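sequence and computational prediction follow.
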Amino acid sequence: MRDLRGGLVRTTLGCLLLAVALTGCSEKQEASTTLPSATASETTPELPPLGPADFPVPDEARTKDAAGAEAFLRYYLELSDRQQEALDGQPLRELGPDCLECSRIAKAFDDVEAEGHRYEGGQLSLNDVAEPLLGDEEATIAFTVRQEAVHLVDLAGNTVDQGLPVQPSLSSGITLVWSNAQQGWLVKSMTLG
Amino acid sequence: MITTIIRGSLVAGLLLAFVIGSPGAAQACPYKGACVDTGDGAVTVTHEGAGVPTVVGVQGSEAVTFAWRLLDRCLAAAESDGYCSPTDVRQCPPAELGRVVGFFVVERRSIVQGDYTAVVDGPDGPTVVDVEGDYQPGDPYGDWRYDSEGCFDITPLNPPPSSAEVFSFFQRLPLPQLTTQHQPPGDGLTGLPVIFYTDSPTTQTFTVDIRGFQVVIEATAEQFTWHTGDATGQITSSDPGRPYPEETVEHSYRSGTYTAHLTVTWGATFTVNGGTPADVPGTTTTDGPPVTFDVLQARTVLTNPYD
């Protein structure tokens, strides 16, 4: 048997559209005396790229307010986990060019890559985040973070460094500085534990 | 006589001290958090502890509201970037022997108080905040923040000897003055090169006490400069020479009387309390005693062996 459901739907939609059109024509419409407002056609300016192309800083982390600062903190910690897996420290440096601790961690990732080793464990997860202290161009955030047990292994999976046990609550902090050029936050200093 | 040569500039020396000499360089923490400076090597990036506020002149409630530390920016940069930029180097007046003076960045970090508040160095200055979460009184809160910088006498913190400090002791060690041996013994002959060598010891170990730390310095002769006493001036070798027939250092003279001596350039490695060996960032030289000999013109004489 022929399926008539498609034709029935099309017929119903056609009738509805016809009814809407006829209703519109039957009401009196005053001619518009104003031009469309210019703002109606404006588009939101595109933010310059920030962060790795395949893991950019999200838009909600690029607002110059407390929510944006906290979102950036969450992003940066996630990025550090991601770069630890990828053994590439450069994205951490680029988002914290003046941050010594960021550079130290980035170099550690690069060194582990150069030695042919890799990490097992060490992922970070936020426990508590205090309300960011916000200044004109800076934000300071205290937080605690859990770091899973971590150690280094070689290509064969043999442990080459005993590493660290799980750290359930590392008292930590980060200071961010706003970059007008990049339209986003950069890390000025960071302390993990 | 003992003379001293510092390798390169101060910057190069500091770099050498860290990049080559620091056990910390090889043992930099490879993990993200919970890294601590164990302080078991010859160089530490930071100095922390109850003595720091006194060293930097902080008193009263401020001393206990914050934790304090001294950061060697050059060493910290070397640890994080792999090198120490000249902009990270600051010079301090020379310290008296036995005192340790260095340029440090002073940083401080909030401490959770008994009423669960903390004074946070926020963007608009110190701000009292209520602390929530897992914190207990005495816990650190937030991140380390810049406070000031300058030259500080950190001797009261009992820092392990730096490579620069070990070098200053190395310069004062009674290193051997190597004796010049020459062949043929006595007078030499023109046309027959004079062989130089030394059979004096070319390594020596010293154990010194530097502010309570046991420092073992292993000195090694790295370069031998043979002052020939004639217009040639000097011959340099990396070995102590050998006697005939395995000679490696020799020199031909015209007839005359000559005085020769040997200058040895000493390098060294050191350990602190049995830790990882590190290079002493500089060399020192010793001059051995002079030897005087004549070089004679040999004259060919036809003789009858049957006379």
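Thanks, I have it.

what sits against the residue of chain A found nearest chain B?
When you check chain A against chain B by Cβ to the nearest Cβ, the closest residue turns out to be A:Gly135, at 2.3 Å. In short, each C-beta sits where N, CA and C put it, glycine included. By Cβ atoms under 8 Å, 6 or more residues apart in numbering or on different chains, the contact set of A:Gly135 is B:122-124.

low pLDDT regions in chain A?
Across chain A, the stretches falling below the confidence threshold (pLDDT under 70) are A:1-44.

center of it, which residue is that?
A:Pro58 (3.4 Å; Cα atoms, centre = their mean).

shouldn't that residue be in contact with A:Glu78?
No - here A:Pro58 does not reach A:Glu78: they are 10.0 Å apart, not a contact under Cβ atoms under 8 Å.

for the closest residue to chain A within chain B, which non-adjacent residue is closest in space?
Ranked by Cβ to the nearest Cβ, the top residue of chain B for proximity to chain A is B:Pro123, at 2.3 Å. Using Cβ to Cβ, 6 or more residues apart in numbering or on different chains and skipping residues adjacent in sequence, the residue nearest B:Pro123 is A:Gly135, 2.3 Å away.

swap in B:Gly98?
Counting by Cβ to Cβ, 6+ apart, the residue nearest B:Gly98 is B:Arg211, at 6.7 Å.

in contact with the one you found, which residues?
Listed by Cβ under 8 Å, 6+ apart, the contact partners of B:Arg211 are B:98, B:100, B:155, B:158, B:161.

try 7 Å this time
B:98, B:158, B:161 (Cβ atoms under 7 Å, 6 or more residues apart in numbering or on different chains).

quick one, helices of chain A?
A:5-26, A:66-86, A:90-94, A:100-114 (DSSP state H).

over to chain B?
With DSSP H as the criterion, chain B has helices at B:10-15, B:23-26, B:52-56, B:61-65, B:73-81, B:163-170.

can you name every helix or strand that the biggest strand by length in chain A contacts?
With DSSP state E applied, the strand covering the greatest number of residues in chain A is identified as strand A:167-179. When contacts are defined as 3 or more Cβ pairs under 7 Å, 6 or more residues apart in numbering or on different chains; DSSP states H and E, strand A:167-179 packs onto helix A:66-86, strand A:138-147, strand A:184-192, strand B:140-153.

for B:Phe167, find the nearest of the ones you listed.
strand B:140-153 (18.9 Å; Cβ to Cβ).

which residues sit against the closest one?
Contacts with strand B:140-153, where a contact means Cβ under 7 Å, 6+ apart, come from A:140, A:142, A:171-175, A:189-191, B:55-56, B:67, B:69-70, B:92-93, B:99, B:101-112, B:118, B:120-121, B:131, B:135.

adding neighbour count and pLDDT, write the contacts of B:Arg211 out as CSV.
Compiled in CSV, these are given as follows (neighbours: other Cβ atoms under 10 Å in any protein chain shown; pLDDT from 0 to 100):
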residue, neighbour count, pLDDT
B:Gly98, 10, 79
B:Asn158, 13, 87
B:Pro161, 22, 89
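
which of those fall in strands?
With strands defined by DSSP E, no entry of those lies inside them.

tell me who's in contact with B:Ile235.
B:226, B:228, B:249, B:251 are the contacts of B:Ile235 under Cβ under 7 Å, 6+ apart.

6 Å - rerun?
Contacts were defined as Cβ atoms under 6 Å, 6 or more residues apart in numbering or on different chains; by that measure B:Ile235 touches B:Trp226.

quick one: the residue nearest to B:Gly98 from B:Val45, how far?
When distances are taken as Cβ to Cβ, to the nearest Å, B:Arg211 and B:Val45 turn out to be 19 Å apart.

still on that earlier bit, my read: the residue of chain B closest to chain A touches A:Glu137, true?
No - using Cβ atoms under 6 Å, B:Pro123 makes no contact with A:Glu137, being 7.4 Å away.

how many neighbours does B:Gly150 have?
Taking other Cβ atoms under 10 Å in any protein chain shown as the criterion, the count of residues near B:Gly150 is 12.

whoops, A:Arg146 was the one
By the criterion of other Cβ under 10 Å, A:Arg146 has 15 neighbours.

hmm, back to that, tabulate the contacts of B:Arg211 (TSV), appending distance to B:Pro30.
Below are the contacts of B:Arg211 laid out as TSV (distance: Cβ to Cβ, whole Å):
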residue	distance to B:Pro30
B:Gly98	36
B:Asn158	28
B:Pro161	26
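
chain B contacts on chain A?
Among all residues of chain A, those adjacent to chain B (criterion: Cβ under 6 Å from any Cβ of the partner chain) are A:100, A:103-105, A:107-108, A:112, A:128, A:133, A:135, A:138, A:140, A:142, A:144, A:147, A:150, A:164, A:167, A:169-171, A:173-174, A:189-193.

which of these are buried, as a PyMOL select command?
Selecting just the buried residues from those in PyMOL takes one command, with 16 or more other Cβ atoms under 10 Å in any protein chain shown as the test:
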select buried, chain A and resi 100+103+104+105+107+108+112+128+133+138+140+142+144+147+150+164+167+169+170+171+173+174+189+190+191+192+193
